[in-house]
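**Q** heads up, no residue letters with this:
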């Protein structure tokens, strides 16, 4: 009986510890991506739209997302990650054809989905039941 209690306790500690690690990584990733997307949005709506600067920021965002996507894919539903990737691809397409006004809704949708992912993966009572 004593061995079972120790084994169960160790398993619970491991599960809670991994949950804390993944939640912190998700929060960090979402915050970083949201900040970069907000910065890109400000550049896109500014009076002086520097095409090279916008494309450079978009490439940085895509590279960062690709790196983070690999790790997030281990524990987040792939449908949620695909939604973010779809919006980023649409945004990149709008930037390439210099349709910045049409890219803003894609950018906003991407931020919304990222916030939804962060909220969905948080350890809260409403997510448990």
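**A** Noted; the coordinates are in hand. Quick caveat: nothing in here was measured; it's all calculated off a predicted structure.
**Q** quick one: pLDDT of the closest residue to residue 22 other than its chain neighbours?
**A** Here the nearest residue to residue 22 in space, its sequence neighbours aside, is residue 75; by C-beta to C-beta, 6 or more residues apart in numbering that works out to 5.1 Å. C-beta: built from backbone N, CA, C; applies to glycine. pLDDT recorded at residue 75 is 89.
**Q** and what of residue 127?
**A** The per-residue pLDDT reported for residue 127 equals 57.
**Q** Residue 19 now?
**A** Note for residue 19: predicted pLDDT of 88.
**Q** for this structure, which helix is longest?
**A** For the chain, the longest helix by residue count, based on DSSP state H, is helix 2-45.
**Q** For that helix, enumerate the helices and strands it packs against.
**A** Judged by 3 or more C-beta pairs under 8 Å, 6 or more residues apart in numbering; DSSP states H and E, the packing partners of helix 2-45 are helix 51-72, helix 100-121.
**Q** who touches the first one?
**A** Counting contacts by C-beta atoms under 8 Å, 6 or more residues apart in numbering, the residues outside helix 51-72 that touch it are 25-26, 29, 32-33, 36-37, 39-40, 43-44, 81, 84-85, 88, 91-92, 95-96, 98, 100.
**Q** let's go with 7 Å and repeat that
**A** 25-26, 29, 33, 36-37, 39-40, 43-44, 81, 88, 92, 95, 98 (C-beta atoms under 7 Å, 6 or more residues apart in numbering).
**Q** Can you say which of these are buried?
**A** Among these, those buried by neighbour count (16 or more other C-beta atoms under 10 Å) are 25-26, 29, 33, 36-37, 40, 43-44, 81, 88, 92, 95.
**Q** Give me the pLDDT for residue 114.
**A** For residue 114, the pLDDT comes out at 93.
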